[in-house]
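Novice: I'll drop the sequence and a predicted model, then ask my questions.
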Amino acid sequence: MTDPAPRGTRIAHIGLAVSDLDQILPFYRDILGMPEVPLDDADGARIAGLAAGNSLVELLEAKSSESPIGKYVAKRGPGIHHICFSVDDLDGTLARCKAFGIRVIDETPRLGAEGKRIAFLHPASTAGVLVELSEY
């Protein structure tokens with residue numbers, strides 16, 4: 001099997017931390033008309049996926065106050081939690097980040113909510129934005 005042709009870096013999804021998934025989901029789904037995309041829950045969060053063109057919006061509700069989303073909402077309130085970029089070569093991109101001194105949260109890729117390999121970069125190295133990298 002050959003590797004697919006490189007597609008370049010693109011926005012895969014934007015993660016929005018929410019206090020009440022059931023309350024906000026109708027806004028995106030029913031008012032904005034964004035179709036739901038089934039996603040598995042992950043990292044202690046209940047996740048609803050919504051299609052936004054070729055990208056997704058993930059609505060993330062904490063399952064507990066000790067989960068990453070729970071801590072985020074308690075400290076900052078609901079809002080944009082992270083942006084995820086799909087890259088052609090996750091391992092290579094992560095290695096380049098480390099070589100350039102970008103602080104990483106995940107030293108090696110792990111499986112994310114969409115069953116894709118992912119890795120997070122620390123916001124201290126990315127102008128205050130939590131960046132997730134994922135494979136296509």
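Specialist: Structure's in. What do you need? Residues are numbered from 1 along each chain as shown.

Novice: and residue 98, backbone torsions?
Specialist: For residue 98, the backbone dihedrals (degrees, to the nearest 10) come out as phi -60, psi -40.

Novice: so how far is residue 126 from it?
Specialist: Computed as C-beta to C-beta, to the nearest Å, the residue 98 to residue 126 distance reads 13 Å. Backbone N, C-alpha and C define where each C-beta goes, glycine included.

Novice: Strands of the protein, start to end?
Specialist: For the chain, the strands defined by DSSP state E occupy 10-18, 36-37, 45-52, 55-62, 79-87, 110-111, 117-121, 131-135.

Novice: Look at residue 126 and say how many residues are nearby.
Specialist: 15 (other C-beta atoms under 10 Å).

Novice: buried set for stretch 111-130?
Specialist: 112-114, 117-121, 130 (16 or more other C-beta atoms under 10 Å).

Novice: what do you get for stretch 78-85?
Specialist: Buried residues in stretch 78-85, counted by 16+ other C-beta under 10 Å: 78, 81-84.

Novice: Out of the residues you listed, which comes closest to residue 18?
Specialist: Nearest to residue 18, judged by C-beta to C-beta, of these is residue 78 at 5.2 Å.

Novice: Isn't that closest one up against residue 17?
Specialist: Yes: if you go by C-beta atoms under 8 Å, residue 78 and residue 17 touch, sitting 5.5 Å apart.

Novice: where does this structure have low pLDDT?
Specialist: By pLDDT under 70, the weakly predicted segments of the chain are 1-5.

Novice: Wait, residue 63 touches residue 43, no?
Specialist: No: with contact defined as C-beta under 8 Å, residue 63 does not reach residue 43; the gap is 9.3 Å.

Novice: buried set for stretch 11-25?
Specialist: The neighbour-count criterion (16+ other C-beta under 10 Å) identifies 12-18, 24-25 as the buried residues of stretch 11-25.

Novice: Return the distance of it from the chain's centre.
Specialist: 10 Å (C-alpha atoms, centre = their mean, to the nearest Å).
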